[in-house]
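Asker: Need coordinates for the below:
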Amino acid sequence: LFAALEKRAEALAQDFKTSHIAHFLGAFAALKQVPGWGLLGALESRAESLANDFLGSEISAILWAFVEMKRAPAPALLVVLEKRAQDVADVLSYEESGKLIGALRAVGGSQETIRGMELSRPPPS
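Answerer: Below is the predicted model of the structure:
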């Protein structure tokens, strides 16, 4: 069943929206499964191309999915997600900001990015 699902998802990955990628990776993580290299590569590639469209919560969900799958995101994907995280940092709530900072730490994000986000983090509500 997983093989068929992966094959179909790989074929459709280029049509996925940002939320689809976040939810799909999250589902694999919740099932304690790691997508095959073909599907994982297709999802990472699509995520890179959509990087400027991600919400902070989607970035956080994607990064935490990689943590749960015990796999690092592709270096190029991590770079574009870090950049987007910096772009959206000023609109995140205290809680959302904390989740995103924690996710960046957990996947080995740039210390410079993490520190910058910590300094710009809004006060608790």
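Asker: alpha carbons only for contacts and neighbour counts from here, please
Answerer: Will do.
Asker: and the helix or strand encompassing Ala9, what does it pack onto?
Answerer: Assigned by DSSP states H and E, Ala9 belongs to helix 2-12. The contact analysis (3 or more C-alpha pairs under 8 Å, 6 or more residues apart in numbering; DSSP states H and E) places helix 2-12 against helix 37-49.
Asker: So for the helix it packs on, what gets flagged as buried?
Answerer: Within helix 37-49, the residues that count as buried by 16 or more other C-alpha atoms under 10 Å are Leu39, Leu40, Gly41, Ala42, Leu43, Glu44, Ser45, Arg46, Ala47, Glu48.
Asker: Please apply the same query to stretch 79-95.
Answerer: Going by neighbour count (16+ other C-alpha under 10 Å), the buried part of stretch 79-95 is Val79, Val80, Leu81, Glu82, Arg84, Ala85, Gln86, Val88, Ala89, Leu92, Ser93.
Asker: what's next to that stretch, contact-wise?
Answerer: For stretch 79-95, contacts defined as C-alpha atoms under 8 Å, 6 or more residues apart in numbering pick out 48, 51-52, 54-56, 59, 97, 100, 104, 109-110, 113, 117, 120-125.
Asker: what about it, how long is it end to end?
Answerer: Stretch 79-95 has an end-to-end distance of 23 Å (C-alpha to C-alpha, to the nearest Å).
Asker: Just checking the distance from that stretch to the centre of its chain.
Answerer: How far stretch 79-95 lies from its chain's middle: 11 Å, per C-alpha atoms, centre = their mean, to the nearest Å.
Asker: repeat for stretch 20-31
Answerer: Distance of stretch 20-31 from the chain centroid (C-alpha atoms, centre = their mean) equals 10 Å.
Asker: ok so, going back, among the buried residues of stretch 79-95, which are in helices?
Answerer: Under the assignment DSSP state H, the buried residues of stretch 79-95 contribute Val79, Val80, Leu81, Glu82, Arg84, Ala85, Gln86, Val88 to helices.
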